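Engineer: Have a look at this prediction, sequence included:
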Amino acid sequence: DTAVSQTPKYLVTQMGNDKSIKCEQNLGHDTMYWYKQDSKKFLKIMFSYNNKELIINETVPNRFSPKSPDKAHLNLHINSLELGDSAVYFCASSQDGARADGYTFGSGTRLTVV
Amino acid sequence: QKEVEQDPGPLSVPEGAIVSLNCTYSNSAFQYFMWYRQYSRKGPELLMYTYSSGNKEDGRFTAQVDKSSKYISLFIRDSQPSDSATYLCASASGGYNKLIFGAGTRLAVHP
């Protein structure tokens, strides 16, 4: 009974391809996030959704498009993949976006662009 | 300058040592301070959470926040090999806040 689950766990793809990463949480949380962790382990937020509404959209290339069909799901679609997109992408959720103490992270999707 | 600065290490200590991990931050609006532990190829897991200044203790772990000097610390007593991981400090302000992470410190506790 995984709290925040991401699929796939690993993704190897060629430059120029389009790919999606899926995230689901069964915690009943209202807010979901996408974070990117680079090779130096630096974690940086990309997007945040609260009850299907986009509330944080950091300076991310518009090749990245999040979609939240319902508050338990937040998917990430990436168009025209580039070498620099190689990283680990983490989905997270929290009960209330106004509080920062309850983030639960998924186990990550390791994306490698070749 | 990054909003949250953290020495990436690595830090190597013998089993049983007291470990001190530190971060500094620059944004005075930060009210929430957290430490996450991340094992290799896993997601970060919340270890300690503090609101505003003060100390918080949980077993072998103590988190300290000094807002006057913008300094965040995590102490691990009687460190164990199972504590070997990357420790990430994070801070946030109010509202629909985003967590701002430090670079993470890699800790190795050897038997």
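Structural biologist: Cool, got the structure.

Engineer: wait, doesn't B:Leu46 sit right on B:Tyr32?
Structural biologist: No - using Cβ atoms under 8 Å, B:Leu46 is not in contact with B:Tyr32; the gap is 11.4 Å. Any C-beta I mention is one placed from the backbone N, CA and C, and that applies to glycine too.

Engineer: low-scoring pLDDT stretches of chain A, where are they?
Structural biologist: Along chain A, the parts satisfying pLDDT under 70 run over A:1, A:97-101.

Engineer: Would you mind listing what in it touches chain B?
Structural biologist: Selection of chain A residues close to chain B by Cβ under 8 Å from any Cβ of the partner chain yields A:4, A:31, A:33, A:40-45, A:48, A:50, A:55-56, A:58, A:90, A:92, A:97-108, A:110.

Engineer: Filter the residues you listed down to the buried ones.
Structural biologist: Buried by 16 or more other Cβ atoms under 10 Å in any protein chain shown: A:4, A:31, A:33, A:41-45, A:48, A:50, A:56, A:90, A:92, A:97, A:99-101, A:103-108, A:110, out of the residues of chain A next to chain B.

Engineer: For stretch B:88-95, what does the pLDDT average out to?
Structural biologist: Average pLDDT, stretch B:88-95: 85.

Engineer: Stretch B:26-41 now?
Structural biologist: 93.

Engineer: how many neighbours does residue 9 have?
Structural biologist: Just so you know, I chose chain A. Using other Cβ atoms under 10 Å in any protein chain shown, A:Lys9 has 13 neighbouring residues.

Engineer: hmm, I had chain B in mind actually
Structural biologist: 15.

Engineer: contacting residues for it?
Structural biologist: B:Thr105, B:Arg106, B:Leu107 (Cβ atoms under 8 Å, 6 or more residues apart in numbering or on different chains).

Engineer: And for A:Met15?
Structural biologist: Counting by Cβ under 8 Å, 6+ apart, A:Met15 touches A:Leu81, A:Glu82, A:Leu83, A:Val113, A:Val114.

Engineer: distance of it from A:Ser86?
Structural biologist: According to Cβ to Cβ, to the nearest Å, A:Met15 and A:Ser86 sit 10 Å apart.

Engineer: list residues touching both of those two?
Structural biologist: Residues within reach of A:Met15 and of A:Ser86 at once, by Cβ under 8 Å, 6+ apart, are A:Val113.

Engineer: Verify the stated contact: B:Ser79 with B:Leu21.
Structural biologist: No - B:Ser79 is not in contact with B:Leu21 according to Cβ under 8 Å; the separation is 10.9 Å.

Engineer: what ranges do the strands span in chain B?
Structural biologist: With DSSP state E, the ranges of strands along chain B come out as B:4-6, B:11-14, B:19-25, B:32-38, B:45-51, B:54-58, B:61-66, B:71-76, B:85-92, B:100-101, B:105-110.

Engineer: now chain A
Structural biologist: Ranges of strands in chain A, per DSSP E, are A:4-7, A:10-13, A:19-25, A:31-37, A:43-50, A:53-57, A:64-70, A:73-78, A:87-94, A:104-105, A:109-113.

Engineer: Show me what the first one is packed up against.
Structural biologist: Translated: strand A:4-7. strand A:19-25, strand A:87-94 (3 or more Cβ pairs under 8 Å, 6 or more residues apart in numbering or on different chains; DSSP states H and E).

Engineer: Make JSON lines from the strands of chain A and add distance to B:Ser40 to it.
Structural biologist: Output for the strands of chain A, formatted as JSON lines (distance: least, Cβ to Cβ, whole Å):
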{"stretch": "strand A:4-7", "distance to B:Ser40": "17"}
{"stretch": "strand A:10-13", "distance to B:Ser40": "15"}
{"stretch": "strand A:19-25", "distance to B:Ser40": "20"}
{"stretch": "strand A:31-37", "distance to B:Ser40": "12"}
{"stretch": "strand A:43-50", "distance to B:Ser40": "15"}
{"stretch": "strand A:53-57", "distance to B:Ser40": "28"}
{"stretch": "strand A:64-70", "distance to B:Ser40": "26"}
{"stretch": "strand A:73-78", "distance to B:Ser40": "23"}
{"stretch": "strand A:87-94", "distance to B:Ser40": "11"}
{"stretch": "strand A:104-105", "distance to B:Ser40": "14"}
{"stretch": "strand A:109-113", "distance to B:Ser40": "12"}
